[in-house]
Each structure stands twice: as C-alpha cells, then as structure tokens.
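Chemist: Based on what follows, work out the 3D shape:
(one chain, ligands or ions: 2)
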Amino acid sequence: MSALQPVRGTHDLLPEETRRHRFVEETARKTAELYGFGEIETPIFEFTEVFSRTLGETSDVVTKEMYTFQDRSGDSLTLRPEGTAGVARAFISGGLAQQVPLKLFYRGPMFRHERPQKGRLRQFHQVGVELLGVESPQADVEVIALGAHILDALGLGDKVTLELNSLGDSESRAAYREALVEYLRGHLDVLSEESRNRLERNPLRVLDSKDENDRKVVADAPLLGDYLNDASRRFFDGLREGLDAVGVAFSVNPRLVRGLDYYCHTAFEFTTTALGSQGTVLAGGRYDGLIGQMGGPQTPGIGWAAGVERLAMLLAAEVPAPRPLAVIPMGQDVAQALALTQRLRRAGFVADLGYSGNMGKRMKRANKLTARAAIILGEEEWSRNAVTLRDLDSGEQEEVQLDGLEDRLARFR
Ligand code: ATP
Ligand code: MG
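Modeler: Residues are numbered from 1 along each chain as shown. Ligands and ions are numbered 1, 2, ... in the order given. Reported below is the predicted structural model:
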C-alpha cells in the first residue's frame, strides 16, 4: 500500500474520461425524462441493514463485496453497492407511497470489494431507474424499452442484445426450488463448496455461479420456466407481447437468473460480446416483495441499473471538449485581450487566452485546443476599433468591428 496511489479498484476520472461519463449519464437522464422519470439522489451510505436484509444474506454482494464500517457513533454503515435498496428505503422513510406510480432515475458511484479487472472496479458508477407501484407487465415493458432507447441513443444498439427470463411468483419459485434442490443433491460431489452451502439457503443462486464445474451441473438442471404457474405464465406472456408491440427485440434465456435476492417475474440483461467476461451493461428485474419485506407498504417495483464505465468503454467516438474561440493579442497591452476574452465568456462563448508567447506560439495553442476561430488583435485594426476574425476551419478571415462582435460570432456558438 502506498498512500500516494489511488486505492485498488478506484480511478481518477480525468476530463476526457469525465466527459464520456457525463455523456452516458446525461443521455440516460434525458431519455428517462421522455418517459416521465424524475431524478432522485440518495446518500452514498446507508445503515448496513438496508443492504444486508434486502440483497439477501447469501448474495455475493453481501457476503463478499460490501464496504462496511462502524462510524464514530458506533453505527454499522455500508457504502452503497447498488441503488435499488436505497431508493426503496427512501420510498419508505419519505412516505412516497402516496405518489405511486412513481418513476425515479438515479446516477452515481457504487462500491463493491471485488477483484478489479477491466470493466470491474471497486468504485464504479451506475445509472438506473425504478418504477414503483405498478403490478402489470406494462411497467416492465416501459422500463425495458427505456433501457433499449438509452442504448440506442448512445449508439450502442447494434452492439448489445437483450436476454429475458421469468423467475415467476413466489409460488412458482417454491415449486421450482424443490425440484432444483433435488437435482443438485444428486451432484453434491461435483459442486463447489460455495454452491453446496447455497444449496440449502438459496439454491437459485447456484444457477448464477461462475465456477466451471458448477456450470456443467447447472447446464442440465431443471428449468424455472417449466414450473411457472398460470398467473406467472400470463405475466410473462404479457411482457413479451408488450415488447413485440414496442419493437424491442429480445431472446428468452431460460437460465438467466439475477444475483440479488429480491427479484420475481421479470429478469433481463443487455449484454455485449465486446467487453470479455464483463459483458453485462444493463440489467434488472421486478422486485414486488422488496418494499414490503423492508417494512414498508406492499409495493411492486421494477427497475434496472447500467454500468457507466462499461457503457463509456463501448462508445465509438471520443466525446470532444467544446471548441473555444482563441483570442490572440499582437503586441498590445494584455489587459485589452483579457477584457475582450472576459466579454466573450460573459456572452456565453468558450474563449481561450494563452498565457504567454508570440503570435506563432499562440496559434499553435489554438490548434491544440481545436479552436473554432481566432480573434486576432492586430494593432492597426485595434486603432479602428476592430479585430481580425479567422475561421480556423475554412481559413477565411475578415475584419470585424468590436461593436456588435458577439452577433458576428453567433455561428461559432
Ligand atoms: P456482474 O455479473 O458483472 O458482476 P452484477 O450482476 O453484479 O454484474 P448488477 O448488480 O446487476 O451487476 O449491476 C448492474 C450493472 O452495473 C452491471 O451490469 C454492470 O454493468 C455494472 N457493474 C456491476 N458491478 C460492477 C463493477 N464492480 N464495476 C463496474 N461495473 C459494474
Ligand atoms: Mg457482480
């Protein structure tokens, strides 16, 4: 450990990377706005119970990944590993049940103690949405269509595919659970220790195991889809019909389960093959039991979260900084150039004034900043209350009166 290194799994986001993140987050937020989602910001730490009780005592996140600490009052707090539990807590403590159906968007850092890899960090960022208070699959359709819309808006539509499954209601899952446990018991000798432990406490979790031997066993396990009761089947039909109606393509993956405990019915993931084993970019599901189980009023919910780092990595093009106007003084007092630059900024232009050097050096700086135009303060023109305006893309230049300069610059905004 060196105190002058960033903590393992954390990163400094320098301006170029921050622009990519902002682009992802802003695109997501603006698209979510089209669907009526308003932004919520919950604290980045909560009482540990908010997560341990909701995510499930056997989930990877709770058993291995949480940043939990005792604060100076002796309370056990945890840096949020995901967004849904905090939003559900806010829903209960803020008495938001009166406001359903409620559509919430969030963005921000999440914290998980995992093995850092490309696309897997200890402090990472998510954007996510939650739709609370709607029982019908129409909500699932809307939320998934929004995810697809955002990925399209980011230019990633062709790089991702949507996989979908139904986890059924609790009755269906109980029936399935029995069949699954019986099947897994027949393969105890092959299963990893972790999966043997989960067999009793949460057998569905075994389906999500990344262990190779577990995966072989799981490949022949009974399928949840065969245990759905009529109501669950109807729900899943409604979801698929709705997605067809809005033109969102999907494939059903009968082995898709989600890592957290609180899901029912709908589970889905948008994945890409472009990021190796970190291929899931946006994932979510329905969690009808969560808020009730936390002690709030029984309220159905559906949502998803997307990894901002992973989406930013997939973006085809750089997200460029805005192109400035370069103010280039030639010999006269720098105060005049400074005043003009400030006047342009106050008028809403991105304007740059270098700190030293002759005309040549300043033009170089302008090119490096990909300036859109140069405003050259030649002594002669200045004495006529004018400057030279050079369009750096076309090379054209003209003399422009200082009076009304902003109007002549309008096209460079
Ligand atoms: P994985 O299987 O990759 O561990 P997960 O099931 O733990 O993912 P979720 O809890 O569903 O992930 O989180 C939603 C999204 O957040 C993921 O699809 C991914 O894009 C992103 N994400 C999750 N964990 C990390 C991480 N440690 N670093 C970067 N992004 C992450
Ligand atoms: Mg994970």
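
Chemist: CA only for contacts and neighbour counts going forward, please
Modeler: Will do.

Chemist: Specify the beta-bridge partners of the closest residue to F268 other than its chain neighbours.
Modeler: Of all residues not flanking F268 in the chain, L164 sits nearest, at 4.4 Å (Cα to Cα, 6 or more residues apart in numbering). For L164, the beta-bridge partners under DSSP bridges are V252, F268.

Chemist: Count the neighbours of L164 for me.
Modeler: 24 (other Cα atoms under 10 Å).

Chemist: Quick one: the helices in the stretch 251-400 of the chain, in order.
Modeler: Secondary structure of the stretch 251-400 of the chain by DSSP state H, counting those that start in this stretch: the helices cover 290-293, 308-314, 334-346, 359-368, 379-383.

Chemist: Identify, out of the ones you listed, the most deeply packed stretch.
Modeler: Of all the helices of the stretch 251-400 of the chain, helix 308-314 has the most neighbours on average by mean count of other Cα atoms under 10 Å, namely a mean of 21.

Chemist: Can you check the pLDDT for D333?
Modeler: What the model reports for D333 is a pLDDT of 75.

Chemist: Let me know how buried it is, in neighbour terms.
Modeler: Other residues close to D333 by other Cα under 10 Å number 9.

Chemist: same thing with V7?
Modeler: 12.

Chemist: Remind me which helix or strand it belongs to.
Modeler: Secondary structure from DSSP states H and E places V7 outside every helix and strand.

Chemist: contacting residues for it?
Modeler: For V7, no contacting residues are found, by Cα atoms under 8 Å, 6 or more residues apart in numbering.

Chemist: what do you get for the one 4 residues further on?
Modeler: Shown here is H11, whose contacts under the criterion Cα under 8 Å, 6+ apart are Q123.

Chemist: Tell me the secondary structure at it.
Modeler: coil (DSSP: H, G, I helix; E, B strand; the rest coil).

Chemist: Quick check: phi and psi at it.
Modeler: phi -140, psi 150 (degrees, to the nearest 10).

Chemist: Repeat that for the one 3 residues further on.
Modeler: With angles defined as degrees, to the nearest 10, L14 shows backbone torsions of phi -80, psi 170.

Chemist: how's the chain carved up into domains?
Modeler: If you go by automatic domain parsing, the domain ranges for the chain are 15-169+229-314, 325-412.

Chemist: Of the ones you listed, flag the one that's most buried.
Modeler: domain 15-169+229-314 (a mean of 19).

Chemist: per-residue confidence averaged over that one?
Modeler: On average, domain 15-169+229-314 scores 95.

Chemist: please renumber so the chain begins at 34
Modeler: That works, and once the first residue is 34, the last one we named lands at domain 48-202+262-347.

Chemist: Show me what from the stretch 34-183 of the chain comes close to ligand 1.
Modeler: R145, G152, R153, L154, R155, F157, Q159 (Cα under 6 Å from any ligand atom).

Chemist: Let me have the helices of the stretch 284-433 of the chain in a markdown table, extended by distance to ligand 1.
Modeler: Converted to a markdown table, the helices of the stretch 284-433 of the chain look like this (distance: least, Cα to the nearest ligand atom, whole Å):
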| stretch | distance to ligand 1 |
| --- | --- |
| helix 323-326 | 15 |
| helix 341-347 | 6 |
| helix 367-379 | 37 |
| helix 392-401 | 33 |
| helix 412-416 | 55 |
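
Chemist: With adjacent residues omitted, what lies nearest to the residue in the stretch 334-446 of the chain that ligand 1 sits nearest to?
Modeler: Of all residues in the stretch 334-446 of the chain, G340 sits closest to ligand 1, at 3.4 Å by Cα to the nearest ligand atom. Spatial nearest neighbour of G340, chain neighbours left out: Q159 (4.7 Å); criterion: Cα to Cα, 6+ apart.

Chemist: Wait, the one you found touches F144, no?
Modeler: No. The criterion here is Cα atoms under 8 Å, and Q159 misses it with F144 at 10.3 Å.

Chemist: List of residues touching the helix or strand encompassing I177?
Modeler: Assigned by DSSP H and E, I177 falls within helix 170-186. For helix 170-186, contacts defined as Cα under 8 Å, 6+ apart pick out 60-61, 64-65, 68, 162, 164, 190-191, 268-269, 271-272, 275-276, 279, 281, 299, 315, 319, 335-337.
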